[in-house]
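[1] Mind looking at a prediction? Sequence and model below.
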Amino acid sequence: MTIAVYPGSFDPITLGHVDIVTRASQMFERVIMAVVKNPQKRPNIELSTRVSLVEQSLKHLPNIQVESFEGLTVDLAKAHQAKIIIRGLRAVSDFEHEFAMSQMNKRLCPNVETLFMMAGLEYQFLSSSMTNEVARLGGSIEGLVPEQVREYYRSQSQAAEKAGT
């Protein structure tokens, strides 16, 4: 069985992430969406909520498994006997960091390859941090994130409004 790991903070999952994992699901028998708990970052959305949003957003893809993790991606790959780490690229600016990370992963685990997948043209500009900013400032995130994420932000906004009144 060919297994791939697609790690990320998914804070939140965007339609760019969905695009990449949908295409990856057609190439691999199983894709593990690894929602990263990164102690260096302060997430906008709690880890368990991010996992739930990813699960809800990808329930239409039967060969996707979602889990949270902390640590080295190659350790997660080894634990699942995955031979591929998927990394999404939006623009050339992403490449330098992603290339360095792939080389470190190769050094740590020579039998795990990194597969770079370009985001679809309509998602080249999209990032989770940009999405968070637009949502925080009350802008429309329609067409940027799955419906489940829009519902989450709507409920957060309504809860904030009630708390403020």
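    Structure received.
[2] Excluding covalently adjacent residues, which one is nearest to residue 141?
    Nearest residue to residue 141, sequence neighbours excluded (CB to CB, 6 or more residues apart in numbering): residue 135, at 5.2 Å. Just so you know, the C-beta spots here come from the backbone N, C-alpha and C atoms, and that holds for glycine as well.
[3] tell me which element that neighbour falls in.
    helix 128-136 (DSSP states H and E).
[4] Residue 140 now?
    In this structure, residue 140 sits in neither a helix nor a strand according to DSSP H and E.
[5] and the next element down the chain from the helix holding residue 135?
    Per DSSP H and E, helix 128-136 leads on to helix 147-164 as the next helix or strand towards the C-terminus.
[6] Run a quick neighbour tally on residue 157.
    13 (other CB atoms under 10 Å).
[7] again, but for residue 103
    11.
[8] Look up phi and psi at it.
    In terms of degrees, to the nearest 10, the main-chain angles of residue 103 are phi -70, psi -40.
[9] list the contacts for it?
    Not one residue lies near residue 103 by CB atoms under 8 Å, 6 or more residues apart in numbering.
[10] Which of the three states applies to the residue nearest the centre of the chain?
    By CA atoms, centre = their mean, the mean C-alpha position of the chain lies nearest to residue 10, the distance being 3.6 Å. Under DSSP: H, G, I helix; E, B strand; the rest coil, the three-state class of residue 10 is coil.
[11] and residue 12, what is it in contact with?
    Contacts of residue 12 were listed using CB under 8 Å, 6+ apart, and they are 44-45, 50, 53, 128, 131-132, 145, 149, 152.
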